[in-house]
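Engineer: Only the shape, not the letters, is given here:
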């Protein structure tokens with residue numbers, strides 16, 4: 001049982017691990033930035049720091065290397081499609097977590113439901129303007145942590161109930 005409680009959080013966190021990483025140097029701080037999402041200037045024609053894209057450890061694109069306009073647009077569209085797929089996948093995982101949470105009967109009446117931006121046009125505009133979207137990685141991780149804590153509390157209470165009933 002304890003092993004399950006250790007492995008379950010690791011499995012849930014690994015669901016959000018992404019194979020594609022975008023790397024660039026922030027010109028203001030001169031630090032290397034890594035993200036699973038492309039920066040807003042990636043292949044959009046605007047000047048910005050050089051971006052190197054890794055997919056499963058291999059370099060698949062480098063904005064420092066000139067490419068044709070057709071290739072440039074292909075890379076940008078591919079990146080945006082992957083971001084959208086990741087967003088939809090995260091939404092589905094959150095929905096599944098909500099269903100599991102409801103199945104355990106832990107839904108409290110005063111608790112606010114999880115809020116996720118569902119409009120891809122709004123999200124695309126926010127990405128292009130360099131703002132983070134509402135359902136960013138840290139919020140998703142926080143929501144997953146809260147769900148895991150609630151799950152662990154339920155399991156602990158269940159175990160206490162079983163031990164208490166067997167002692168009677």
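Structural biologist: Looks like it arrived, so ask away. Everything numeric here is computed off the predicted structure, so don't read it as measured data.

Engineer: In the chain, where is pLDDT below threshold?
Structural biologist: Scanning the chain for pLDDT under 70 picks out 1-18, 106-136, 164-168.

Engineer: all helices for it, in order.
Structural biologist: Here the chain has its helices, by DSSP state H, at 2-14, 69-103, 120-128, 137-167.

Engineer: Give me the buried positions along stretch 44-60.
Structural biologist: By neighbour count on 16 or more other Cβ atoms under 10 Å, the buried set for stretch 44-60 is 48, 51-53. C-beta: built from backbone N, CA, C; applies to glycine.

Engineer: In strands only, show me those.
Structural biologist: 52-53 (DSSP state E).

Engineer: Now that we have the buried residues of stretch 44-60, can you turn them into TSV and tack on distance to residue 40?
Structural biologist: What follows is the buried residues of stretch 44-60, written out as TSV (distance: Cβ to Cβ, whole Å):
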residue	distance to residue 40
48	8
51	11
52	16
53	15
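
Engineer: Would you tell me which one of the buried residues of stretch 44-60 comes nearest to residue 91?
Structural biologist: Proximity to residue 91 was ranked across those by Cβ to Cβ; first place goes to residue 53, at 23.9 Å.

Engineer: beta partners for that closest one?
Structural biologist: Counting by DSSP bridges, residue 53 is bridged to residue 22, residue 61.

Engineer: Among the helices of the chain, which comes closest to residue 27?
Structural biologist: helix 120-128 (18.6 Å).

Engineer: Show the contacting residues for residue 41.
Structural biologist: Each residue near residue 41 by Cβ atoms under 8 Å, 6 or more residues apart in numbering is listed here: 47-49, 51.

Engineer: Recalculate using a threshold of 6 Å.
Structural biologist: Taking Cβ atoms under 6 Å, 6 or more residues apart in numbering as the criterion, residue 41 is in contact with residue 48.

Engineer: what does residue 34 give?
Structural biologist: Listed by Cβ under 6 Å, 6+ apart, the contact partners of residue 34 are 21, 23.

Engineer: quick one: it from residue 54, how far?
Structural biologist: From residue 34 over to residue 54 the distance is 9 Å, taken as Cβ to Cβ, to the nearest Å.

Engineer: quick one: common contacting residues for the two?
Structural biologist: Shared contacts of residue 34 and residue 54, defined by Cβ under 6 Å, 6+ apart, comprise residue 21.

Engineer: ok, back up a step: dump the helices of the chain to a markdown table, plus distance to residue 22 and mean neighbour count.
Structural biologist: As requested, the helices of the chain are exported to a markdown table (distance: least, Cβ to Cβ, whole Å; neighbours: other Cβ atoms under 10 Å):
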| stretch | distance to residue 22 | mean neighbour count |
| --- | --- | --- |
| helix 2-14 | 20 | 11 |
| helix 69-103 | 8 | 14 |
| helix 120-128 | 12 | 15 |
| helix 137-167 | 13 | 13 |
